[in-house]
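**Q** generate a structure from the sequence data that follows.
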Amino acid sequence: MRIRLHDLLAGAAGRAGDSPALTFRDDTVSYGELWRDVQAKGAGLRKLISRGERVAVYLDKRIETVSAIFATSAAGGAFVPVNPVLRAKQVAYILADCDVRVLVTTAERLESLQEELEQVKSLRHVVLVGGGTAESTSFEVSSWASLDEAGPLPAGPGIDVDMAAILYTSGSTGKPKGVVLSHRNLLTGAESVSTYLEMTAEDVVLAALPLSFDAGFSQLTTSFAVGAHVVLVNYLLPRDVVKLCTRHGVTGLTCVPPLWLQIADQTWPEETGRKLRYFANTGGRMPKTTLDRLRSIFPDAKPFLMYGLTEAFRSTYLDPSQVDARPDSIGKAIPNAEILVVRPDGSVCDAGEEGELVHRGALVALGYWNDPARTAERFKPLPGAEGALNPELAVWSGDSVVRDEEGFLYFVGRTDDMIKTSGYRVSPTEIEEIVYGTGLVRDAVALGLPDPKLGQKIVLIVSPAGDELDVDALRAALKKDLPLYMLPKDVLVRPELPRSPNGKFDRNLIRQEVSA
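**A** Prediction:
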């Protein structure tokens, strides 16, 4: 019976232990081998953490990354996958925010974090993958292999509503927020998505998205739910995707629009294209020209256009049979979820009326870590259930949508200032705080403007702190503290930035001026 995340692996190992589970570069491990490693590492982690404590995994995609995540579940902890492209300040913020007890990383990555980690008071242990050593007076350092010395994994308590993971996503008011997911959330999502994608043990899935993304992590859970084979790749060049699909006979591929645009421009061997059984899009609208090109490259594949939010994993998908008739639709609710379109007062909108998308069901997360105020804003009682003694909480997405007469949903826009670029949700406030930290500017506003490849590009509008601004110096300073996807594409310098009567920056007026 699947109760906790690691039960996915235990079940697959029991059914077909010799079947391939993971491939990274030239190494492949079977489900049986992976499950044995997870049990061994889980026993080691249980010596380091108590039930519910957090284990952060700051690694590129590799077999040890997956083992660490599932071993944390087996040890009774909650894993925190940290995007490997994040800089030291952002990594340290995440670790401190959720009181991480153990960090799994490499010696090279630890070296870049050392100064910042001194401020993470909760950190007690760092486990190094891939060799190397390090010293610290603040925490103990051990090797990945040393976790095997703990002996067999004892049975531990835990049920499906326990906390399993914290995924960090950008918030509209600045620092990233940690979305707390239960084992039930992850297992329900795996079953739901693998069902509508019609996945089987014969599938070979290329995991091209970061495992810190809900959609990226889903490549693991949906595959393990059915015993499919996952090929891990740390994205380098679009042609590498083609090579890996050819080499491994990939049958399933999920990407974000900017990556799909690059993939569609590649030359694909006909046999490789015909191997693909499905391809799925998430993280923004795919241009129809790109969709048409992909359908010609993968003539036998079903296209799945999906919409989701970290707070509820996946929410909707468009049935492939409807793609030609409704290419702009985000579809209908995924299995075991219900999607409502509501007015500000919580009443349900009529067909054709714009409203906020509200997601209810077993996929709704537990809330935001250590942030009751923002949790109360986003996780609210289901419309119509406010009078219950224990009202059901639903996710109010902050996205505006319209439902047509036949129940199909269409995305309209965000109700906040979040920027959607390269498949990432980026907080303008987080960028602006880093910009102010350089000491080079007096005023700063970050905006997302339409871009055919990125969805939105980040444009930074600033006024200098002194007489002039050295834009090159500003860019160099930002590059130290911001990952590539958060770096502004354009920096515009203005003597003054317009403000509204209440003294805030007039973002709408600024947007109009720079878009003209």
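**Q** and this structure, split by domain according to the record?
**A** Taking automatic domain parsing as the criterion, the chain consists of the domains 1-158, 302-414, 420-515.
**Q** and the ones you listed, which is most packed in?
**A** Greatest average neighbour count among the domains of the chain goes to domain 1-158 (a mean of 19), per mean count of other C-beta atoms under 10 Å. From N, CA and C alone the C-beta is placed, and that goes for glycine too.
**Q** ok so, going back, dump the domains of the chain into a markdown table; add distance to residue 236 as well.
**A** Below are the domains of the chain laid out as a markdown table (distance: least, C-beta to C-beta, whole Å):
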| stretch | distance to residue 236 |
| --- | --- |
| domain 1-158 | 11 |
| domain 302-414 | 25 |
| domain 420-515 | 13 |
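**Q** quick one: residues contacting residue 494.
**A** Contact analysis of residue 494 by C-beta atoms under 8 Å, 6 or more residues apart in numbering lists 461, 462, 463.
**Q** lowest-confidence entry in these?
**A** Lowest pLDDT among the contacts of residue 494: residue 463, with 91.
**Q** hey, what's that one bridged with?
**A** Beta-bridge partners recorded for residue 463 (DSSP bridges): residue 443.
**Q** that one and residue 498 touch, don't they?
**A** No - using C-beta atoms under 8 Å, residue 463 and residue 498 do not qualify as a contacting pair, with a distance of 10.8 Å.
**Q** what ranges do the helices span in the stretch 1-150 of the chain?
**A** For the stretch 1-150 of the chain, the helices defined by DSSP state H, counting those that start in this stretch occupy 7-16, 31-46, 63-74, 88-97, 107-117.
**Q** who does the first one touch, helix- and strand-wise?
**A** Yep, that's helix 7-16 we're talking about. Applying 3 or more C-beta pairs under 8 Å, 6 or more residues apart in numbering; DSSP states H and E, we find helix 7-16 packed against helix 31-46, helix 183-196, helix 214-226.
**Q** one more time with 7 Å
**A** On a contact count with 3 or more C-beta pairs under 7 Å, 6 or more residues apart in numbering; DSSP states H and E, helix 7-16 meets helix 31-46, helix 214-226.
**Q** all strands for the stretch 201-350 of the chain, in order.
**A** 204-207, 229-232, 252-255, 278-281, 302-309, 313-318, 332-333, 337-342 (DSSP state E, counting those that start in this stretch).
**Q** who does the second one touch, helix- and strand-wise?
**A** In this structure, strand 229-232 makes packing contacts with strand 20-24, strand 204-207, helix 214-226, judged by 3+ C-beta pairs under 7 Å, 6+ apart.
**Q** go on, the longest one?
**A** With contacts defined as 3+ C-beta pairs under 7 Å, 6+ apart, strand 302-309 has these neighbours: strand 278-281, helix 288-297, strand 313-318.
**Q** so how far is residue 81 from the spatially most central residue of the chain?
**A** Closest residue to the average C-alpha location of the chain: residue 213 at 1.4 Å, with C-alpha atoms, centre = their mean. Residue 213 is 9 Å from residue 81, where distance means C-beta to C-beta, to the nearest Å.
**Q** now do residue 246
**A** In terms of C-beta to C-beta, residue 246 sits 28 Å off from residue 81.
**Q** cool, residue 448 as well?
**A** Taking C-beta to C-beta, one finds residue 448 at 25 Å from residue 81.
**Q** turn the helices and strands packed on strand 229-232 into JSON lines, including distance to residue 266 and mean pLDDT.
**A** Listed next are those as JSON lines, based on distance: least, C-beta to C-beta, whole Å; pLDDT from 0 to 100:
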{"stretch": "strand 20-24", "distance to residue 266": "21", "mean pLDDT": "98"}
{"stretch": "strand 204-207", "distance to residue 266": "14", "mean pLDDT": "98"}
{"stretch": "helix 214-226", "distance to residue 266": "20", "mean pLDDT": "97"}
